[in-house]
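Q: model this:
(chains A and B)
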Amino acid sequence: MKKRAIYYNVGYDLKLALPLAGFFLVFFITPLFLLVFVSLHADPEMKRFGFDQFRRFLSDPFSLNVLGRTLLVGAETTALCLLLGFPLAWLYIRSPGWLRGVMILIILLPLLTSVVVRTFAWIVILGRLGIVNSALMSLGLIDAPLRLLYSEGGLVVALAQVHMPLMVLPLITALSRVDPNLADASAALGAGAWRTFMRITVPLTLAGIIAGCLLTYCMSLTAFITQTLVGGGQMLLMPGYIYQEVAAVQNWPFAAAISVIFLVAVLAAVTVFNLLGRLAQSVEYG
Amino acid sequence: MRRRADLDTLSLNLTLGALAVACVVLLILPTVVVIMVSFTSGFSLRFPPPGYSLRWYVGLFDAWQLQFAALNSFKVAAWTTFLSVVLGVAAALGIARSRLLVANVLDSLFMSPLILPGLAFGLAALIFFSMIGWQVSPLTLVLGHTIVCVPLVVRTTVATLAQLDPALLEVSASLGASRWHTFRRVTLPLIGSGILAGAFLAFMSSFDNIPVSLFLRNAGTDMLPIRMWQDLESLLDVRIAAVSGVLVLATLVLMVIMERVAGLSKRLR
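A: Numbers count the residues shown, from 1 in each chain, chains lettered A, B, ... in the order given. Sure thing, here's the model as predicted:
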């Protein structure tokens, strides 16, 4: 009986979460509800209710194209992050201690450097007189500068760099949990290195892969600065679309409707990734 | 047979190694480029620079607009960090060891600003503040930033609390220490590095925030990243390269300190 009392004495009360819960209720949940409320107005003056803004978005090929391209650019960025990030995490696990320290600094620096700074670097690299064009021209591979800035390819590479740490860090955690004996066992049973990698290492890190993909995907969808500076005016994506409707057109209900559709799209993506994560866990342990 | 296996291993190691090196280059290249361009003696962002000088760094001393924006960003980030730590650590203590469904729901709620589009929340916050009749001000900025920065504090604090051995708290309590005394002398020293890492991340994230600031600031509360973004969009100013150089250096120094003091990289995984 006494022991029980002491046990309760050291546990912290859930009430401690109340201030933050209240803060979220007022400054997070209420604003999001107001966003939905504003989006349900039929006219920019907000006098009539109706689903007109949603109807307008969903029947407009231009808007649907913006949404589709945003989701596509996010998927391409995530794929590139995984293609380059997995080998880096794999190398990290096999590196000696001092090299790990250097590598973690290299991985973390982009995460903490200002997004504007990182994006700015890509303007210098991809610009008409940038590094890539100068190198290609001095090698005689091209005669005139290529248009790399303001192109989808350039945007995907820049987004991949900006969000790479979010992919690599969960992968390092996942890879460090894989028992090295399993790979040895696979090799002893006659499987080649590639087969072991594809059949043992990758499936066992699937949960980490999905966690990394979720973060990079969500972040690259909403990376407003990189999207506007590297993508430019011709490559309008969802965040830029919202900003344009507020700042230039001042059509608040339509901007709110775009935001709500965007939120729903991101939530749908999160749900899909979470379901995949559950599946992966049942594969791992089941 | 043996030879084939070796070739197999070699090709796998080479492929993964080459991709990893490409990834390292991709991660480092932009930082190196920014630093080099910031020391240019020319007037353009040409790379490689025609010559090197400190002129753009010296020019920062006269750039009052950038200084004003930097000061604003610093103040907002400092208040945001303070508010995030107070609210976030308390919430983390409340939910960390609880197995109640409420705690799980709250955890998901507190983490959701990390995943949801910041720009959509920024617009929602602007609508909210204008409906209750609050002018945009440093206060609205701090409140908006806290929503998107507090998850970082909650996450790192919950993670360190999970590693805390509850037996230590029971021992302290059984030796007659009050709850407050136990918190100050046992819990806090043990989770301090986690809180510090979270506070650092919250500060950096607020200092660098654009999506929320975009809607919640005005000319009187200009923020550094937004000033830089607008300067870049309009005139590709080389001074921005010098500001970037300063920011990269400051980040690097703070990061190394935080890695030593708070084991930053362990907190991020």
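
Q: where does the stretch 51-200 of chain A get nearest to chain B, which residue?
A: Proximity to chain B, evaluated over the stretch 51-200 of chain A using Cβ to the nearest Cβ, is greatest for A:Ala121 at 3.2 Å. For the C-beta atoms, the positions are set from N, CA and C on the backbone; glycine is no exception.

Q: how close does the residue lying closest to that residue once chain neighbours are set aside sit to B:Leu66?
A: Once flanking residues are discounted, A:Ala121 sits nearest to B:Pro30: 3.2 Å by Cβ to Cβ, 6 or more residues apart in numbering or on different chains. As for B:Pro30, its distance to B:Leu66 is 21 Å (criterion: Cβ to Cβ, to the nearest Å).

Q: between those two, tell me which one has more neighbours.
A: Between B:Pro30 and B:Leu66, counted using other Cβ atoms under 10 Å in any protein chain shown, the more crowded position is B:Pro30 (26 against 21).

Q: hmm, B:Ala92 is touching B:Leu152, no?
A: No. Counting by Cβ atoms under 8 Å, B:Ala92 sits too far from B:Leu152 to count as a contact (11.1 Å).

Q: those two: who's more crowded?
A: B:Ala92 (30 against 27).

Q: about what we covered before: can you name the element that comes right after the host helix or strand of the residue nearest to A:Ala121?
A: Assigned by DSSP states H and E, B:Pro30 belongs to helix B:2-38. Proceeding N to C from helix B:2-38, the next assigned helix or strand is helix B:55-59, under DSSP H and E.

Q: mind listing what's buried along that following helix?
A: Neighbour counts over helix B:55-59 (16 or more other Cβ atoms under 10 Å in any protein chain shown) mark B:Trp56, B:Tyr57 as buried.

Q: quick one: contacts of that helix?
A: Outside of helix B:55-59, the residues within contact range by Cβ atoms under 8 Å, 6 or more residues apart in numbering or on different chains are B:Ser38, B:Phe39, B:Thr40, B:Ser41, B:Val238, B:Arg239, B:Ala241, B:Ala242, B:Gly245, B:Val246.

Q: count the residues that sit near A:Gln281.
A: Applying other Cβ under 10 Å, I find that A:Gln281 has 13 neighbouring residues.

Q: wait, what's in contact with it?
A: A:Ala207.

Q: next, the distance between the ends of stretch A:211-229.
A: End-to-end distance of stretch A:211-229 (Cα to Cα, to the nearest Å): 28 Å.

Q: which parts of the stretch 151-269 of chain B sit against chain A?
A: B:154, B:166, B:169-170, B:172-174, B:179, B:182, B:201, B:204, B:207-208, B:210-211, B:214-215, B:225, B:228-229, B:232-233, B:236, B:240-241, B:244, B:247-248, B:251-252, B:254-256, B:259, B:264-265, B:268-269 (Cβ under 8 Å from any Cβ of the partner chain).

Q: avg pLDDT for whichever strand or helix holds B:Val158?
A: In this assignment (DSSP H and E), B:Val158 forms part of helix B:138-163. The average pLDDT within helix B:138-163 is 92.

Q: wait, doesn't B:Leu100 sit right on A:Leu14?
A: Yes. With contacts counted by Cβ under 8 Å, B:Leu100 reaches A:Leu14, the gap being 6.6 Å.

Q: so the two - more neighbours on which side?
A: A:Leu14 (18 against 10).

Q: grab the nearest non-local neighbour of the more buried one.
A: In space, A:Leu14 is closest to B:Gly94, 4.9 Å off (Cβ to Cβ, 6+ apart).

Q: can you give me the helices in the stretch 51-200 of chain B?
A: With DSSP state H, counting those that start in this stretch as the criterion, the stretch 51-200 of chain B has helices at B:55-59, B:64-96, B:101-115, B:118-131, B:138-163, B:166-174, B:179-182, B:188-207.

Q: now the angle from the fourth one to helix B:101-115?
A: It refers to helix B:118-131. Counting by axes from the mean of the first three to the mean of the last three Cα atoms, to 10 degrees, helix B:118-131 points 100 degrees away from the direction of helix B:101-115.

Q: list the buried ones in helix B:118-131?
A: For helix B:118-131, by 16+ other Cβ under 10 Å, it's B:Gly118, B:Leu119, B:Ala120, B:Phe121, B:Gly122, B:Leu123, B:Ala124, B:Ala125, B:Leu126, B:Ile127, B:Phe128, B:Phe129.

Q: for that helix, name the packing helices and strands.
A: In terms of contacts (3 or more Cβ pairs under 8 Å, 6 or more residues apart in numbering or on different chains; DSSP states H and E), helix B:118-131 is packed against helix A:30-39, helix A:238-244, helix A:252-285, helix B:138-163, helix B:213-216.

Q: pipe these into a markdown table and attach distance to A:Gly97 per row.
A: Below are the helices and strands packed on helix B:118-131 laid out as a markdown table (distance: least, Cβ to Cβ, whole Å):
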| stretch | distance to A:Gly97 |
| --- | --- |
| helix A:30-39 | 46 |
| helix A:238-244 | 41 |
| helix A:252-285 | 28 |
| helix B:138-163 | 22 |
| helix B:213-216 | 40 |
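
Q: tell me which of those sits nearest to B:Tyr52.
A: Closest to B:Tyr52 of the helices and strands packed on helix B:118-131, according to Cβ to Cβ: helix B:213-216, at 33.6 Å.

Q: for the closest one, packing partners?
A: Helix B:213-216 packs on helix B:118-131, helix B:138-163, helix B:224-235, going by 3+ Cβ pairs under 8 Å, 6+ apart.
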